[in-house]
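*Asks:* what would the 3D arrangement of this be:
(one chain, ligands or ions: 1)
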Amino acid sequence: MRTLDDTPLGDTQAGVGPDVLTDPDWVVPPVPQDVPEGGMAWLRARVARFSSGEAHARRRALAAGLLGGGGEDAADALRDAARVRAEGVLGGAGKGVDTGSVDLMARVARVVPAEVLAGFLGLPVTAETAGLVGHVARAYHAHGETVPAADRALARLVAVCGGTWDEATAARIGLLVQAYDATAGLIGNAAFRMLTEDSRERPAGPVAAAVTAAVTDWLDRTLSADPPVRGTLRAPADGGEPVRISLVTDDGTFPFGAGPHACPGRAHARALAAGVLEALLVRGCRIVRPDLAYEPSANLRVPVKLEVTCA
Ligand code: HEM
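*Replies:* Predicted structure coming up:
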């Protein structure tokens, strides 16, 4: 599927850097607003991510309200829930009937954060939750295209949220969708870094202060050297073609963006990823094949597959 994010727009235009993210003369490329309920165009038209001005402020406040303050209690709860779920999946790897490896991306990174976040947002979590979010996330940036599987998944998610096609529902689903690829990429890139680096640096065993500190350090290093979201689009506010803004620059990275659209889920994303990394350490996991391929996307860096076995 071709998405706006993958459309060749030419390289980042000379002189247009991340500073435009805080420049009111540049906006997120607008999407059609007069669209019917029932499909992906409706979701894009109602979330903060593709809005500007007053509508953006209103929709962002809805999203931020659902996320809460991102305080330590919430972060601890997300991290613990992610660790417990990930430990459960990884516990089977290499043992009993499951004698092989586990694909960390498919079984953990693309499932656990979506399930934990859905629970955090007050939604019932079922075996189909992560799959539905994944279908919607794959079509999120496919502006102008109709993807029936994504439309069907969106309708199911709206039903799970109570069945009302309004901005509050869009905000909840938008959070799950925004988190989906970016958090999977953060987990995949940080896990790869952690499991391929010198194992003497790697604490093992039950979660202790040393594990928590090491995980924080691997997340920091991944976010500055190998962030999962590497670019975004902006267009001149008075019209004109969208330009790709690189979030990875010579003088620093902007892993969570900047300006009015900066990621409001930063603390939640870090907590979810930390829980999964802790589970990898607690379970003594090792990488099976240290070669990595990435999903085809100009703006995202998300491993396709990461096979691990666990002690
Ligand atoms: C729990 C996980 C996450 C949640 C709930 C979340 C939520 C969001 C939301 C709602 C927005 C749109 C804000 C707006 O338009 O006002 C956003 C933007 C963004 N997020 Fe996240 N996010 C998550 C994880 C991540 C991760 C792991 C990264 C990368 C390290 C990331 C990077 C970004 C970036 C760069 C933007 C700005 C996009 C732009 O300006 O075009 N997010 N996020």
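*Asks:* hey, let's count contacts and neighbours off CA atoms from now on
*Replies:* Noted.
*Asks:* ok, the closest residue to the ligand within the stretch 1-150 of the chain - contacts?
*Replies:* Proximity to the ligand, evaluated over the stretch 1-150 of the chain using C-alpha to the nearest ligand atom, is greatest for Arg49 at 3.2 Å. For Arg49, the set of contacting residues under the criterion of C-alpha atoms under 8 Å, 6 or more residues apart in numbering consists of Val28, His56, His261.
*Asks:* swap in Phe192?
*Replies:* Neighbouring residues of Phe192 by C-alpha under 8 Å, 6+ apart: Ile287, Pro290, Leu306.
*Asks:* three-state assignment of the second one?
*Replies:* For Pro290, the reduced secondary structure class is coil; criterion used: DSSP: H, G, I helix; E, B strand; the rest coil.
*Asks:* correct me, but it touches Thr196?
*Replies:* Yes. In this structure Pro290 lies within contact range of Thr196 using C-alpha atoms under 8 Å: 7.2 Å.
*Asks:* please identify which helix or strand holds Arg244.
*Replies:* In this structure, Arg244 sits in strand 243-246 according to DSSP states H and E.
*Asks:* hmm, who's touching the helix or strand just after that strand?
*Replies:* Elements were assigned by DSSP H and E; along the chain past strand 243-246, the next helix or strand is strand 248-249. Contacting residues not belonging to strand 248-249 are listed as Pro227, Arg230, Gly231, Phe254, Pro255 [C-alpha under 8 Å, 6+ apart].
*Asks:* quick one: which of these is most hemmed in?
*Replies:* With neighbours defined as other C-alpha atoms under 10 Å, the most crowded of the contacts of strand 248-249 is Pro227; it has 26 neighbours.
*Asks:* just to be sure, that one is in a strand?
*Replies:* No. Looking at Pro227 with three-state DSSP, it is coil, so not inside a strand.
*Asks:* ok, now which ones touch it?
*Replies:* The contact partners of Pro227, taken as C-alpha under 8 Å, 6+ apart, are Gly185, Leu186, Asn189, Val248, Pro255, Arg301.
*Asks:* same question for Val276.
*Replies:* Applying C-alpha under 8 Å, 6+ apart, one finds that Val276 lies in contact with Arg79, Ala82, Arg83, Ala86, Glu87, Val108, Ala109, Ile187.
*Asks:* ok, it to the ligand distance?
*Replies:* Plainly put, Val276 is 13 Å away from the ligand if you go by C-alpha to the nearest ligand atom, to the nearest Å.
*Asks:* and Ala210, by the same measure?
*Replies:* The spacing between Ala210 and the ligand, counted by C-alpha to the nearest ligand atom, is 23 Å.
*Asks:* mind listing what's buried in the helix or strand that contains that residue?
*Replies:* Taking DSSP H and E as the definition, one finds Ala210 inside helix 209-225. Taking 16 or more other C-alpha atoms under 10 Å as the basis for neighbour counts, the residues of helix 209-225 that come out buried are Val211, Ala214, Val215, Thr216, Trp218, Leu219, Thr222, Leu223.
*Asks:* kindly reformat those residues as JSON lines containing pLDDT.
*Replies:* Formatted as JSON lines, the entries for the buried residues of helix 209-225 read as follows, by pLDDT from 0 to 100:
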{"residue": "Val211", "pLDDT": "84"}
{"residue": "Ala214", "pLDDT": "90"}
{"residue": "Val215", "pLDDT": "94"}
{"residue": "Thr216", "pLDDT": "94"}
{"residue": "Trp218", "pLDDT": "95"}
{"residue": "Leu219", "pLDDT": "96"}
{"residue": "Thr222", "pLDDT": "95"}
{"residue": "Leu223", "pLDDT": "95"}
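*Asks:* so which of those comes closest to Leu117?
*Replies:* Distances from Leu117 to the buried residues of helix 209-225, taken as C-alpha to C-alpha, are shortest for Leu219 (18.9 Å).
*Asks:* wait, isn't the closest one in contact with Asn189?
*Replies:* No. Under the criterion of C-alpha under 8 Å, Leu219 makes no contact with Asn189, lying 9.0 Å away.
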